[in-house]
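Q: heads up, no residue letters with this:
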């Protein structure tokens, strides 16, 4: 072309460069192409106006689906939209790859895009080559999709800010992996770095903390909410000359700063730096933008979970007491494990309360354990108020039954007396024990809670049935009778919430058998026993003992252990020295004939290792006769005392039933059809020795059986003296 001649038309220049021109209006769904663009799309080489459907039929489906995302990203960033697409023939075969560059705009009134751009044929770069870092089709796209899936899964599984930052540092993007990462957090009007990877210690000092008004890319990103891409050191120096002096020595060639935005709020910024030049094509920007969005969501979620954990820890520290100083004559251990509820906090609690009259040398104490219905913040709040109320009533010097009665009225007033709480009524189970360390006497009142269990000094475990009433808060006038038992030297008492029994899909029966096994087999001090109980139901070993109710919701666990050291044993042990006497005691009132069955079960548990099953059956039969005689022939209540005593010639059991009636029993000769009168006859036939002892007020009838030498017969096992059927029992609260 000679000087002075007019320039050729734009269309001629583009045709000479094998570049086509096209335009697209998404409102009318019309695409206009010139002759070269039509040729590149596999159509006749002439200008035409086509529909979106006609264009879509010529492009690979995966590439067509990506166009909308790239156009939207270009509009948001005010940049060109560049995309590489595969052109298909009528048989679905790829005939060429073309690159489209366009300038999109958005019309809010029509909610549509208008694009004008060019088409040019390109050659696919070899995978793994430097050119492969540009946006290409085929394998790179599949690698990118797989990378985004893996990154999303890893970030979703992170549960803390530290884990999220560790995952972000380990991301390896397909084709263009950054070698430096930084995460910036906004606190007030300051910017600070909370995560850094790929830099030396101290490199972040000039940038953390930093004012949001600083002329720094991360600060600008947070102020504007728009990403900043710097493809070369020249770009960085031109836009941020002051900051360039601080980062020039770090040896990077390209930088991307992206906002971390959640629910429309920019919470920080993410920087990715590269040791080689990166063009930041639309495909690359799309990947970086997606990662920034996932990173922002992960950091926000981790922050919420960390706040919830902090709230949970604070609630636990404020609501659960620490056990007081060591009690002379008794040892106490406790555990609390929140296993249910979204905030990991619920209504379980325990407490130890010094009672009036306590001195530095020891005195009466109260032990309380309970469970407010629910696993939410309301349950935790009610638990805190109820614990304070119980502590106040106990400190006033009330007896156990009065303490629970007042607490029930208090909770009923809070949950049933408030109109706004009418749809969320709550109750609580509770076990209250007043203990005298000097004598081992325990006065127990129970409100719908599982019964305590006693581990005797030789490892025998008994569930101790106690009288009880309704759970707290149901009936403001409910009564709570008191049961008195004695904790003998060397014995340990367990009280717990139902979470310890039922966690892992267990019911009361199977869960109690698991707990009983741990109590019987454990050797160690009281703290170790508490850990073993929790570990057995909540630790890794608990997964091997799943119960029959696998779909049952997990529950919170509260455990209290109270032990009385054996005579001459100063160590804090649940076993102590081997006892010479194993003893259980319980009362059977005239109005509670059903407790005769409980007494029979208690005796079987006491004799779990007796060598003669026949003698166990005989003892249970005679006990039933003695208790029934008291209930039928007198107006008094019966008191059972059962002992197993070690002696030089073997073990001996003594069963004694005492009542306040002065009428002495007499042996009769009942006829064949008589319905009574055989009690003393049976005692005389089955017992080794027996007798009736008058008391100052009332009488006591007793019998004894001597344990025979173990023998290898059916139904016995010489080692351990385990008897078939022995030890079967229901657990606390059953």
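A: Looks like it came in fine. Since the structure is predicted, the reported quantities are computational estimates derived from the model, not experimental observations. Residues are numbered from 1 along each chain as shown.

Q: and stretch 238-249, what's its mean pLDDT?
A: Model confidence over stretch 238-249, given as mean pLDDT, is 88.

Q: Please spell out which residues along that stretch are buried.
A: 240, 243-244, 247 (16 or more other Cβ atoms under 10 Å). In this view, the C-beta of every residue, glycine as well, is placed from N, C-alpha and C.

Q: Nearest to residue 41 among these?
A: The shortest gap between residue 41 and any of the buried residues of stretch 238-249 belongs to residue 240, at 42.4 Å (Cβ to Cβ).

Q: Now, the buried residues of stretch 238-249 that are in helices?
A: When helices are assigned by DSSP state H, the members of those inside them are 243-244, 247.

Q: could these be laid out in TSV, adding distance to residue 453?
A: Formatted as TSV, the entries for these read as follows, by distance: Cβ to Cβ, whole Å:
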residue	distance to residue 453
243	70
244	74
247	68
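
Q: any idea which of those residues is the one closest to residue 525?
A: Residue 525 lies nearest to residue 247 out of those, by Cβ to Cβ, at 59.8 Å.

Q: my guess is the closest one meets residue 241, correct?
A: No. Under the contact definition of Cβ atoms under 8 Å, residue 247 does not touch residue 241, with a separation of 11.5 Å.

Q: lowest average confidence, helix or strand, in this structure?
A: Considering only helices and strands, the least confidently modelled element of the chain by mean pLDDT, DSSP states H and E is strand 722-723, at a mean of 40.

Q: Could I get the full set of helices for the stretch 1-150 of the chain?
A: With DSSP state H, counting those that start in this stretch as the definition, the stretch 1-150 of the chain shows helices at residue ranges 10-16, 35-40, 52-58, 61-77, 139-157.

Q: Could you single out the most deeply buried of these?
A: Highest mean neighbour count of the helices of the stretch 1-150 of the chain: helix 35-40, a mean of 22 (counted as mean count of other Cβ atoms under 10 Å).

Q: avg pLDDT for it?
A: In this model, helix 35-40 carries a mean pLDDT of 88.

Q: Over to stretch 179-198?
A: This predicted structure assigns stretch 179-198 an average pLDDT of 85.

Q: Just say helix, strand or coil for residue 598.
A: The three-state label for residue 598, taken from DSSP: H, G, I helix; E, B strand; the rest coil, comes out as helix.

Q: burial count for it?
A: Summarising burial for residue 598: neighbours were counted as other Cβ atoms under 10 Å, giving 18.

Q: and the residue nearest to it when sequence neighbours are not counted, what is it in contact with?
A: Ranked by Cβ to Cβ, 6 or more residues apart in numbering and with sequence neighbours excluded, the top spatial neighbour of residue 598 is residue 465, at 4.9 Å. Under the criterion of Cβ atoms under 8 Å, 6 or more residues apart in numbering, the contact list for residue 465 reads 451, 586, 595, 598, 602.

Q: Could you do residue 706 as well?
A: With contacts defined as Cβ under 8 Å, 6+ apart, the neighbours of residue 706 are 649-652, 688.

Q: By neighbour count, which of the residues you listed wins?
A: Within the contacts of residue 706, most neighbours by other Cβ under 10 Å means residue 651, with 18 neighbours.

Q: Surely that one is in contact with residue 645?
A: Yes. The pair residue 651 / residue 645 is scored as a contact, 6.8 Å apart, by Cβ under 8 Å.

Q: For the residue nearest to residue 607 when sequence neighbours are not counted, the count of nearby residues, please.
A: Spatial nearest neighbour of residue 607, excluding adjacent residues (Cβ to Cβ, 6+ apart): residue 616 at 5.0 Å. Other residues lying near residue 616 total 21 when counted by other Cβ under 10 Å.

Q: Could you double-check that residue 616 lies in contact with residue 606?
A: No. Using Cβ under 8 Å, residue 616 and residue 606 do not qualify as a contacting pair, with a distance of 9.7 Å.

Q: where exactly do the strands run in the stretch 501-650 of the chain?
A: Chain-ordered strands for the stretch 501-650 of the chain, with DSSP state E, counting those that start in this stretch as the definition, fall at 557-563, 581-588, 638-647, 650-659.

Q: Return the most buried member of those strands.
A: Highest mean neighbour count among the strands of the stretch 501-650 of the chain (mean count of other Cβ under 10 Å): strand 557-563, with a mean of 25.

Q: average pLDDT for it?
A: In this model, strand 557-563 carries a mean pLDDT of 91.

Q: Tell me which strands that strand pairs with, and in which orientation.
A: Each strand pairing with strand 557-563, determined using DSSP bridges, is listed with its direction: strand 331-337 (antiparallel), strand 492-496 (antiparallel).

Q: tell me which residues of the first one are tucked away?
A: Just to be clear, that refers to strand 331-337. Within strand 331-337, the residues that qualify as buried by neighbour count (16+ other Cβ under 10 Å) are 331-337.

Q: Throw the residues you listed into CSV and include pLDDT, thanks.
A: Putting the buried residues of strand 331-337 into CSV (pLDDT from 0 to 100) gives the following:
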residue, pLDDT
331, 91
332, 92
333, 92
334, 91
335, 89
336, 86
337, 82
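
Q: Nearest to residue 369 among these?
A: The shortest gap between residue 369 and any of those belongs to residue 334, at 8.6 Å (Cβ to Cβ).

Q: The closest one against residue 559, yeah?
A: Yes. Here residue 334 reaches residue 559: they are 6.4 Å apart, a contact under Cβ under 8 Å.

Q: Can you tell me how far the residue nearest to residue 607 is from residue 644?
A: When distances are taken as Cβ to Cβ, to the nearest Å, residue 616 and residue 644 turn out to be 11 Å apart.

Q: Touching both of these two, which residues are there?
A: Jointly contacting residue 616 and residue 644 under the rule Cβ under 8 Å, 6+ apart are 607, 610.

Q: Give me the pLDDT value at the residue nearest to residue 607.
A: Checking the pLDDT column for residue 616, the value is 94.

Q: For the remainder of this discussion, apply numbering that starts at 6.
A: Fine by me, first position is 6 from now on; the one you just mentioned is residue 621.

Q: Distance check, it against residue 686.
A: Between residue 621 and residue 686 the computed distance is 20 Å (Cβ to Cβ).

Q: Likewise for residue 222?
A: Per Cβ to Cβ, residue 222 is found 102 Å from residue 686.

Q: Span of stretch 269-287 from start to end?
A: Taking Cα to Cα, to the nearest Å as the measure, stretch 269-287 stretches 23 Å from start to finish.

Q: Name the residues of that stretch that come out as buried.
A: Counting neighbours by 16+ other Cβ under 10 Å, one finds that the buried residues in stretch 269-287 are 271-279, 283, 285-287.

Q: Can you flag which of those belong to strands?
A: Restricting the buried residues of stretch 269-287 to those inside strands, with DSSP state E as the criterion, leaves 271-279.

Q: Low-confidence bits of the stretch 456-605 of the chain, can you list those?
A: Applying pLDDT under 70 to the stretch 456-605 of the chain flags the ranges 544-559, 572-585.

Q: same thing with the stretch 206-355 of the chain?
A: Low-confidence segments of the stretch 206-355 of the chain, defined by pLDDT under 70: 317-327, 329-330, 344-351.

Q: how about a cut-off of 90?
A: Within the stretch 206-355 of the chain, the ranges that satisfy pLDDT under 90 run 206-221, 229-230, 246-257, 267-272, 275, 277, 279-335, 340-354.

Q: can you give me the strands in it?
A: With DSSP E, counting those that start in this stretch, the ranges of strands along the stretch 206-355 of the chain come out as 215-216, 233-235, 259-267, 270-279, 336-342, 353-359.

Q: Make CSV from these and add distance to residue 413 to it.
A: Putting those into CSV (distance: least, Cβ to Cβ, whole Å) gives the following:
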stretch, distance to residue 413
strand 215-216, 60
strand 233-235, 65
strand 259-267, 47
strand 270-279, 48
strand 336-342, 23
strand 353-359, 16
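
Q: Of those, give the one that comes closest to residue 430.
A: For these, the distance to residue 430 is smallest for strand 353-359, at 18.8 Å, taking Cβ to Cβ.
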